[in-house]
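Peer 1: would you be able to build a 3D model of this:
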Amino acid sequence: MPAVTVHTCAHNQPEGSVEIEGWKASVICMLPWLKTAPCCAAVTALKVSDAAATVEGEFLIISCGWSLPGAGVALVHDRAHEPCQGTGMRARTAFGVARLGLTATGLVALIGYFQYTLGVSTFAIANFFSYFTVQSAIVSILVFMSAAVVALRRPTDPAWLDMLRAMVTTYILVSGVVYGIIVWQSSSANYSIEVPWSSQFLHFVIPVFALIDWVVDPYKARLPWKYLGWAIVFPVFWLVFTLIRGPIVGWYPYFFLDARQVNGPGETVLYCLIIVMIITGIAALLTGITRLKRMPRHLLPPWRNSA
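Peer 2: Numbers count the residues shown, from 1 in each chain. Okay, the predicted model is just below:
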């Protein structure tokens, strides 16, 4: 049985144990309650458990048939898992439709970018799939499609999906930032890089809308800070693969990975460290957003317990 939070009339509910309908409950803390009501001057957080496990969460009042010593209380249920109705369901549908649009846009942009590379006679098609942008775009299309289906069928996103969304959003944002820096540096170095419409969508348009979706979505789970370690796994594997493959095929997807195009291996390492910092910073930002108090699920336990 999940933990419960009760609204109580007591300002100082004593800590201790109490039974609610046969369930063992312990008062673990007192939280200020800012809502105006003739009764209920505070919120008492209770931890209710059975022989299996205890799960904490954020809950909503459903009835007022129980009591604690010295205070009237109301037992509550898990608000995060209640069915969506009315405006809530319409909002979830809107998120689902928007993510379907994001998925379709990403697919069209990826196909357009592939067709663009076919027009470059010196470009090997196999190299197309070695770009971090392309790999992260393919994964993001799959994740956004899954998120769209879930939004159309469930009142909240499962935590594992939110973790994947955060990761792919981080990757496509990093792709946009790095690509923007490369384009900016090319203009200052007296040479230009052609940026077709498909590249603009993959590097700039889609990442911006994915970020907006993440920021405004109130149905995502609260992610743990240690998620940041997972966010760096794929980029590290991609980097190792690219540095091994580069000398074999004589080609690198980005100039700074080729020690011949920069001032030696030291500068390549410096660029890689900067990118790792950017990835970690963006992932930390996305994780922090899920823990803001304005998010309805911000009081829920980390993703592994709130799915």
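
Peer 1: and whichever helix in the chain runs longest, which residues are buried?
Peer 2: Identified as the longest helix of the chain according to DSSP state H is helix 87-118. By neighbour count on 16 or more other C-beta atoms under 10 Å, the buried set for helix 87-118 is 88, 91-92, 95-96, 98-100, 102-103, 105-106, 109-110, 113, 116-117. Bear in mind the C-beta positions are built from the backbone N, C-alpha and C, glycine included.

Peer 1: which strands or helices does it pack on?
Peer 2: Here helix 87-118 touches helix 125-128, helix 132-153, helix 197-200, helix 206-216, going by 3 or more C-beta pairs under 8 Å, 6 or more residues apart in numbering; DSSP states H and E.

Peer 1: most tightly surrounded among these?
Peer 2: The highest mean neighbour count among the helices and strands packed on helix 87-118, using mean count of other C-beta atoms under 10 Å, belongs to helix 132-153: a mean of 20.

Peer 1: that one vs helix 87-118, what angle?
Peer 2: 150 degrees (axes from the mean of the first three to the mean of the last three C-alpha atoms, to 10 degrees).

Peer 1: by how many degrees do helix 132-153 and helix 206-216 diverge?
Peer 2: Using the same axes, to 10 degrees: helix 132-153 against helix 206-216 is 40 degrees.

Peer 1: after helix 132-153, which helix or strand is next?
Peer 2: Counting by DSSP states H and E, the element after helix 132-153 in chain order, helix or strand, is helix 159-188.

Peer 1: any idea of the mean pLDDT for that following helix?
Peer 2: Average pLDDT, helix 159-188: 89.

Peer 1: other SSEs contacting it?
Peer 2: helix 132-153, helix 206-216, helix 227-231, helix 233-249, helix 265-289, helix 303-306.

Peer 1: any chance of those helices in TSV, plus mean pLDDT and distance to residue 194?
Peer 2: As requested, those are exported to TSV (pLDDT from 0 to 100; distance: least, C-beta to C-beta, whole Å):
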stretch	mean pLDDT	distance to residue 194
helix 132-153	96	15
helix 206-216	96	19
helix 227-231	87	31
helix 233-249	93	23
helix 265-289	92	22
helix 303-306	45	41
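
Peer 1: can I get the ones you listed in TSV with distance to residue 121?
Peer 2: Compiled in TSV, the helices and strands packed on helix 159-188 are given as follows (distance: least, C-beta to C-beta, whole Å):
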stretch	distance to residue 121
helix 132-153	19
helix 206-216	28
helix 227-231	37
helix 233-249	17
helix 265-289	28
helix 303-306	47
